[in-house]
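here is my input; please provide its structure:
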Amino acid sequence: SGDNRTGLTDEQRRIVTHPADRHASVLAVAGSGKTTTMVERVAWLAGEAAIPCARIRVLAYNRDAAQLLATRLHRRGVSTVDVSTLHSLARSILLDDERRGGPVQRVIGEPELQRLHQRHLRAEGMLPDGLSAGRRRARLAEQSSLLGLVDAGSLPVEPPPPARRQLDSARLISTSAISPAPHAGTNEALALAGVDPGAQRALARTVSALDSMRAVTLDGMIRAAVLRLTDDEGLRRSWATRWTQLIVDEYQDVNGVQQELLRLVAGCSARVMVVGDDDQCIYQWRGARPELLRDGFQRAFPGAGHDRYVLSRTFRFGDEIAAVAASGIERNVDRVPKRLVSGRPGVASAVDVTRDDAAGVVATRLARGTRASEVAVLVRQWSAAAEISAGLCAAGIAWQAPEPIRWPDADAVALALDLATAAGAGDAVECEPGSGEGGSGEGGASEACTTERAVYVATARLVARALRLPEGRWFARRCVSWAGLA
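So this is what the prediction gives:
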């Protein structure tokens, strides 16, 4: 396969040549060339370490990442190495189990799952007829997230206590006991999180229905595979002897059930290298546990010795951006201390912080000669991207986004147009007593008004500002059209 290691840093080279008889964890900062390092690691294992490609398995977090790794490995000359996601691995295990006479478990699609769960939510009074469209969408999104956590095995489901408290997703996840079994443990995590009793009953009914249908979801496949490997020694022994080298990417985003699947598949013969960055975990809200990368991995794989490596040099930006990023990241409490430095010293870079004129800042940078491809705009919430994109369009600046920017829906825009007029070009808008939904009484109009006021005010300001832009008339016409007023 040749030797491409001359272009690697010392940090990368040490990881590539890590002893094949030991486990390893790699903490890689953003832009540090971890994909290149993983590809060269596989090439080294298949070359100098003389490990057959059929005995090496690379696991990525999603299909796009798996395809990228497979393409890079093909170019490197090691195309026969298996690359897949953890979900794909779990599905292969379940299909193999079926061929061996195990239970047949069909994969249920997301639309069918949501219809099933909504039926149980309605039966438990969680979707009353008087619920507004906006609140209905919000409740469905919340309950869908909970269902994903439960079905993935990230928290248990049992009949709820009589108390009702406000949902606290962060506390829910931090107190969740990870268990492969759908009804294992107690209801403590859900109770501490304040999950509505009706929601808990609906969750339990949906999980029970899936079991009776012998159906699994995308998230539930991993839990189902873990259960089958645990229950069937022959199946477990077959999968635990297939590979001698496992490499797992984005390990900061795995949960306990996913790590258990990896442990069962590794058995006693495979040596495992996990790669990730505990500072880049963005999926804790759905059960990811970055502490597994920090120290949980070592506890789960204690047998063959363990080494930890760090990729600290980023090639994505220059010194100033690296320094600002490091200053912010160092404030994280639960993390492995590590450096973040630029691997491109001397490359010009700058950071601008603005409250409400991102388009103007971008225009200034471009006027000074910065290429548009070298400018990135970061927003704290994706909803803020709508106003920024309108400003960029007004300034004649082309832009692209990693996902579609969604404008306010028709109901919100219709209300925002009225509020914008009353607010005088976007001044603060106060709710009038009794204007909220839900009627009077405790937890009625005033509570609803307080909850929704921020959304309406933000939308009103967006419309009001757009009316002052060169394309304001066009934008206003679109708002009127979306609202069904023309």
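
drop to CA atoms for contacts and neighbour counts, all remaining ones
Will do.

which residues of the stretch 51-200 of the chain fall in helices?
63-76, 86-99, 110-123, 133-151, 169-174, 188-193, 197-213 (DSSP state H, counting those that start in this stretch).

export those helices to CSV and tack on distance to residue 353, mean neighbour count and mean pLDDT?
Converted to CSV, the helices of the stretch 51-200 of the chain look like this (distance: least, C-alpha to C-alpha, whole Å; neighbours: other C-alpha atoms under 10 Å; pLDDT from 0 to 100):
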stretch, distance to residue 353, mean neighbour count, mean pLDDT
helix 63-76, 31, 17, 95
helix 86-99, 39, 19, 95
helix 110-123, 40, 16, 91
helix 133-151, 31, 17, 79
helix 169-174, 28, 18, 32
helix 188-193, 36, 21, 57
helix 197-213, 42, 19, 85
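
so which of those helices comes closest to residue 235?
helix 86-99 (6.9 Å; C-alpha to C-alpha).

quick one: least confident helix or strand in this structure?
When each helix and strand of the chain is scored by mean pLDDT, DSSP states H and E, helix 169-174 comes last, with a mean of 32.

got JSON lines for the helices of the stretch 51-200 of the chain, with distance to residue 310 too?
Compiled in JSON lines, the helices of the stretch 51-200 of the chain are given as follows (distance: least, C-alpha to C-alpha, whole Å):
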{"stretch": "helix 63-76", "distance to residue 310": "20"}
{"stretch": "helix 86-99", "distance to residue 310": "24"}
{"stretch": "helix 110-123", "distance to residue 310": "38"}
{"stretch": "helix 133-151", "distance to residue 310": "31"}
{"stretch": "helix 169-174", "distance to residue 310": "27"}
{"stretch": "helix 188-193", "distance to residue 310": "34"}
{"stretch": "helix 197-213", "distance to residue 310": "41"}
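
of all those helices, which lies closest to residue 386?
Per C-alpha to C-alpha, nearest to residue 386 of these: helix 133-151, 18.9 Å.

what packs against that closest one?
helix 197-213 (3 or more C-alpha pairs under 8 Å, 6 or more residues apart in numbering; DSSP states H and E).

elements contacting the helix it packs on?
helix 110-123, helix 133-151.

centre of the chain to it, how far?
Relative to the centre of its chain, helix 197-213 is centred 24 Å away, using C-alpha atoms, centre = their mean, to the nearest Å.

paired strands for the following helix or strand past that helix, with orientation please.
Where DSSP states H and E defines the elements, the next helix or strand beyond helix 197-213 is strand 215-216. Sheet partners assigned to strand 215-216 using DSSP bridges are listed as strand 106-107 (parallel).

for this protein, what are the low-confidence residue spans?
Across the chain, the ranges flagged by pLDDT under 70 are 1-6, 151-194, 406-486.

please name the nearest non-neighbouring residue to the residue nearest the centre of it.
What sits nearest the mean C-alpha location of the chain, by C-alpha atoms, centre = their mean, is residue 283, with 3.9 Å. When the adjacent residues along the chain are set aside, residue 283 lies closest to residue 253, with 6.1 Å between them (C-alpha to C-alpha, 6 or more residues apart in numbering).

for that neighbour, what are its contacts?
61, 281, 282, 283, 284, 288, 289, 290 (C-alpha atoms under 8 Å, 6 or more residues apart in numbering).

distance of it from residue 36?
20 Å (C-alpha to C-alpha, to the nearest Å).

what's the answer for residue 57, then?
In terms of C-alpha to C-alpha, residue 57 sits 16 Å off from residue 36.

and those two? Which one has more around it.
Legend: neighbour count by other C-alpha atoms under 10 Å for residue 57 and residue 36, higher for residue 57 (21 against 15).

how close does the more buried one get to residue 245?
Counting by C-alpha to C-alpha - residue 57 and residue 245 are separated by 6 Å.

now residue 28
With C-alpha to C-alpha as the criterion, residue 28 and residue 245 are 20 Å apart.

what do you get for residue 348?
41 Å.

neighbour count: the two, which is higher?
residue 245 (25 against 11).

beta partners for the more buried one?
Under the criterion used (DSSP bridges), residue 245 bridges to residue 56, residue 271.

contact partners for it?
Residue 245 makes contact with 20, 55, 56, 57, 270, 271, 272, 273, according to C-alpha under 8 Å, 6+ apart.

the same query, at a cut-off of 6 Å, please.
56, 270, 271, 272 (C-alpha atoms under 6 Å, 6 or more residues apart in numbering).

turn those into JSON lines, columns for neighbour count and distance to residue 146.
Listed next are the contacts of residue 245 as JSON lines, based on neighbours: other C-alpha atoms under 10 Å; distance: C-alpha to C-alpha, whole Å:
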{"residue": "56", "neighbour count": "22", "distance to residue 146": "35"}
{"residue": "270", "neighbour count": "24", "distance to residue 146": "34"}
{"residue": "271", "neighbour count": "24", "distance to residue 146": "34"}
{"residue": "272", "neighbour count": "27", "distance to residue 146": "31"}
